[in-house]
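Asker: Let me see the structure of the following:
(2 chains)
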Amino acid sequence: MDTGSTSTSSDLLQKSVMRGERDGSDVITTSGLTKTFGAIEALTDLDLNVPHHSIVGFLGPNGAGKTTAIKLLLGLSRPTSGKASVFGLDAVEDSTAIRARVGFLAQEPRFYTHLTARETLEFTTRFFFRGPKEALRDRIDETLELVGLADKADRPTKGFSGGERQRLGIAQAQVNHPDLLVLDEPAAALDPLGRRDVLAVMERLREHTTIFYSTHILDDVQRVSDHVVILDHGRKVADASTSQLLDGGCTYELALRGDVAAAGASLRSRSWVSDVATTTNADGHHLTVTVTDQETADAHLLRSILQDDDVIVTAFGRKHYNLEDVFLQLVEGRES
Amino acid sequence: MTARASTANVDLIPVRGSGWRIGLGNLLRKEFGQWWTTRLWWIQTLIWLVLLNGVTTVIMLDSSGMTPAELVNEAVQTFFLVAATAVGIGIVLTLQGSIVGEKELGTAAWVMSKPASRASFVVSKLIAHFTGFAITTIIIPSAVFLVSASFILPEPVPFGPFALGTAVMALNVLFYVTLTLALGCIFKGRGPIAGIGIGFILVGQFFKGMLPEPIVVATPWLLGEVAASFAMQQLPVFDRVVPLVATTVEILVFGAVGIWRFNREEF
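Answerer: As a prediction, the model looks like this:
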């Protein structure tokens, strides 16, 4: 093994940003990526592009193929057909070079139980760096503190709880300050505080790193992800920015008091309104208005209703879905 | 967790490299650590001192009806023949989970998600376990044998030839370490590894007299006799060479098969 120049955190950050600026290409690209186990198609024709410095949530029900896809990207498994590349390198042929720039957290992280948390991180770090013991110790101390394990640093991991193992997993995944962080269910074994901390760490690392993570926790995805990919039965069913996915598009929601029927009839008469649905619940009356021209609707919809003195508008806005709605629609829609 | 800014790490140097040796140094450090910083080394040493040196000391002390030369010969033969079989069984039992256990537990997948080659993973285990077993099952008991023999036996055991016999036993250790690790790369459970490994030793122990000679000499089953013959300068040269060459070739083949299979492993 030969060696290069010395490295600092800011160097790594700068190098990472430079790479993104220089080639402008996606960090992860897959094309027709397919994996079968006997007759079972775990992953079918996955086309994926993950841009630099994005946080991409990889969603899907159990058995959707998320972990399979992650293993293919890291060279832990071989594709049946199709191609995957990370940093422009082939995931099969250049797997070791890819892994030198990646941090990975497995779904159920396992470590050598006779090693302490500090020894585990030292073992991990030595795959990426060499140098004086003090420098290694500094890096490890910094990482242990980041994940809240500083007080348990010298305990063998054998006695670690699921949450502590998960924190150590996150620590070992980012101890090398990777260009790409791949996390398979990073918050699965954590309590709400731990989850919040993981999301905070992910947001902080966004400046340095591209993050590609799978999860079942849709709230987390909605909070931190720029982009969402949804898999179901091994096939991609959605691939869009989070805002696009949650955007209701040409649908508006209004909460009203007063003569709702007249307001609805008035809206239906407009040429740019295609549908008006009225619902009533304990909160009052609601209109869901679908339009054909979003710009006209933005300019005139509210004004049209306010012209009617018999109606009071208590809420108005474009419809925004939450990720759970979108996820269930996509997945259940396919099943039905 | 607290979000603290990175301030340290000024002297860390990225490890670069490619090819099959990438990650080898780090993996070797871990494997050697597992031998020499845990109880493993002294437990193994204790077992083999009791088993090998205990048995041979009893023989050395029971000199009834034997000439001094016969007594030396008997002690040396017993030491190497018992070592050849018992150490093989001990290695298979100890190492049956070395690779399979890591595959089951997920630590192999974890290590393989780092920049380390699959060959490094297997070779680091091969080197560390060979070294550990060679020292604890052969070198330390051989040294103790020589010391105890110098006090108990009426004639000295010649050091040079005995050292050659010890080297032959080290080859025996390497064979069983390689075989067990290769089986660990091939199978997903411990049963076939223990069954094949111990079955192979027991067939040699109990049935080698019934098998055709070309088969027997092409196995490590005769390494105990070969080691003793080196120590006592008895067998003709050809009879010693064939099992040594055959075992060496088998070690290379099993090693290559193990690495090839592990390279194809899906985690």
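
Asker: how about the helices in the stretch 101-250 of chain A?
Answerer: Under the criterion DSSP state H, counting those that start in this stretch, the stretch 101-250 of chain A contains helices at A:117-125, A:133-146, A:162-174, A:192-205, A:218-224, A:242-246.

Asker: possible to save those helices as a markdown table with mean neighbour count, distance to B:Arg190 and mean pLDDT?
Answerer: In this view, the C-beta of every residue, glycine as well, is placed from N, C-alpha and C. Below are the helices of the stretch 101-250 of chain A laid out as a markdown table (neighbours: other C-beta atoms under 10 Å in any protein chain shown; distance: least, C-beta to C-beta, whole Å; pLDDT from 0 to 100):
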| stretch | mean neighbour count | distance to B:Arg190 | mean pLDDT |
| --- | --- | --- | --- |
| helix A:117-125 | 23 | 25 | 97 |
| helix A:133-146 | 19 | 34 | 93 |
| helix A:162-174 | 23 | 24 | 92 |
| helix A:192-205 | 18 | 35 | 84 |
| helix A:218-224 | 19 | 39 | 86 |
| helix A:242-246 | 16 | 47 | 84 |
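
Asker: Adding distance to chain B, write the ones you listed out as CSV.
Answerer: Shown next, in CSV, are these (distance: least, C-beta to the nearest C-beta, whole Å):
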stretch, distance to chain B
helix A:117-125, 6
helix A:133-146, 3
helix A:162-174, 7
helix A:192-205, 4
helix A:218-224, 14
helix A:242-246, 22
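
Asker: Let me see the contact set for the spatially most central residue of chain B.
Answerer: The residue lying closest to the centre of chain B (C-alpha atoms, centre = their mean) is B:Val173, at 2.8 Å. By C-beta atoms under 8 Å, 6 or more residues apart in numbering or on different chains, B:Val173 lies in contact with B:Val87, B:Ile91, B:Phe130, B:Phe133, B:Ala134, B:Thr137, B:Ile138.

Asker: Pull the number of nearby residues for B:Gly33.
Answerer: As a burial measure, B:Gly33 scores 16 neighbours (other C-beta atoms under 10 Å in any protein chain shown).

Asker: Give me the contact list for whichever strand or helix holds it.
Answerer: For B:Gly33, the host element (DSSP states H and E) is helix B:24-36. Residues from elsewhere that reach helix B:24-36 (C-beta under 8 Å, 6+ apart): A:1, A:112, A:114, A:123, A:126-127, B:40-41, B:111, B:116-117, B:120-121, B:123-125, B:127-129, B:131-132.

Asker: relative to helix A:117-125, how tilted is it?
Answerer: Orientation check (axes from the mean of the first three to the mean of the last three C-alpha atoms, to 10 degrees): helix B:24-36 against helix A:117-125 gives 150 degrees.

Asker: List the buried residues in helix B:24-36.
Answerer: For helix B:24-36, the neighbour count (16 or more other C-beta atoms under 10 Å in any protein chain shown) marks B:Leu24, B:Gly25, B:Asn26, B:Leu27, B:Leu28, B:Lys30, B:Glu31, B:Phe32, B:Gly33, B:Gln34, B:Trp35 as buried.

Asker: could I get those as a markdown table with pLDDT?
Answerer: Listed next are the buried residues of helix B:24-36 as a markdown table, based on pLDDT from 0 to 100:
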| residue | pLDDT |
| --- | --- |
| B:Leu24 | 96 |
| B:Gly25 | 95 |
| B:Asn26 | 96 |
| B:Leu27 | 97 |
| B:Leu28 | 97 |
| B:Lys30 | 96 |
| B:Glu31 | 97 |
| B:Phe32 | 97 |
| B:Gly33 | 95 |
| B:Gln34 | 93 |
| B:Trp35 | 96 |
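
Asker: any idea how far the helix or strand harbouring B:Val76 is from the chain center?
Answerer: Element membership of B:Val76 [criterion: DSSP H and E] is helix B:68-95. Distance, stretch centre to chain centre, for helix B:68-95: 14 Å (C-alpha atoms, centre = their mean, to the nearest Å).

Asker: after that helix, next one along is what?
Answerer: helix B:100-105.

Asker: Can you find the helix or strand in chain A with the smallest mean pLDDT?
Answerer: Least confident helix or strand of chain A, by mean pLDDT, DSSP states H and E, is helix A:9-23 with a mean of 37.

Asker: Specify the angle between the helix or strand containing the residue nearest to the centre of chain B and helix B:68-95 in degrees.
Answerer: For B:Val173, the element it lies in under DSSP H and E is helix B:159-186. Interaxial angle, helix B:159-186 versus helix B:68-95 (the same axes, to 10 degrees): 20 degrees.

Asker: Quick check: mean pLDDT of helix B:159-186?
Answerer: Model confidence over helix B:159-186, given as mean pLDDT, is 97.

Asker: List the buried residues of the very next helix or strand once past it.
Answerer: Downstream of helix B:159-186, the first helix or strand assigned by DSSP H and E is helix B:190-207. For helix B:190-207, the buried set under the neighbour-count rule, 16+ other C-beta under 10 Å, comprises B:Arg190, B:Pro192, B:Ile193, B:Ala194, B:Ile196, B:Gly197, B:Phe200, B:Ile201, B:Gly204.

Asker: Local confidence estimate at A:Pro61?
Answerer: Looking at A:Pro61, its pLDDT reads 89.

Asker: three-state assignment of it?
Answerer: coil (DSSP: H, G, I helix; E, B strand; the rest coil).

Asker: these two touch, right, it and A:Asp232?
Answerer: Yes: if you go by C-beta atoms under 8 Å, A:Pro61 and A:Asp232 touch, sitting 6.5 Å apart.

Asker: which residues do these two both contact?
Answerer: Contacts common to A:Pro61 and A:Asp232, judged by C-beta under 8 Å, 6+ apart, are A:Val331.

Asker: Would you mind telling me which of those two has more residues around it?
Answerer: Remark: of A:Pro61 and A:Asp232, A:Asp232 carries more neighbours, 21 against 15, as counted by other C-beta under 10 Å.

Asker: if I look at the more buried one, how far off is A:Thr68?
Answerer: Distance, A:Asp232 to A:Thr68, by C-beta to C-beta, to the nearest Å: 13 Å.

Asker: what's the nearest residue to A:Gln172 once chain neighbours are set aside in contact with, if anything?
Answerer: Excluding its sequence neighbours, the residue lying closest to A:Gln172 (C-beta to C-beta, 6 or more residues apart in numbering or on different chains) is A:Thr124, at 4.4 Å. The contact partners of A:Thr124, taken as C-beta under 8 Å, 6+ apart, are A:Gln172, A:Val175, A:Asn176, B:Lys114.

Asker: From the centre of chain A outward, give me the first residue you hit.
Answerer: Taking C-alpha atoms, centre = their mean, chain A has its central residue at A:Gly57, 1.8 Å away.

Asker: what's the angle between the helix or strand hosting that one and helix A:192-205?
Answerer: For A:Gly57, the host element (DSSP H and E) is strand A:55-59. Interaxial angle of strand A:55-59 relative to helix A:192-205 (the same axes, to 10 degrees): 130 degrees.

Asker: Whichever helix or strand comes after strand A:55-59 near chain B anywhere?
Answerer: Sequence order places helix A:66-73 as the next helix or strand after strand A:55-59, per DSSP H and E. Yes: using C-beta under 8 Å from any C-beta of the partner chain, helix A:66-73 reaches chain B at A:Lys71.
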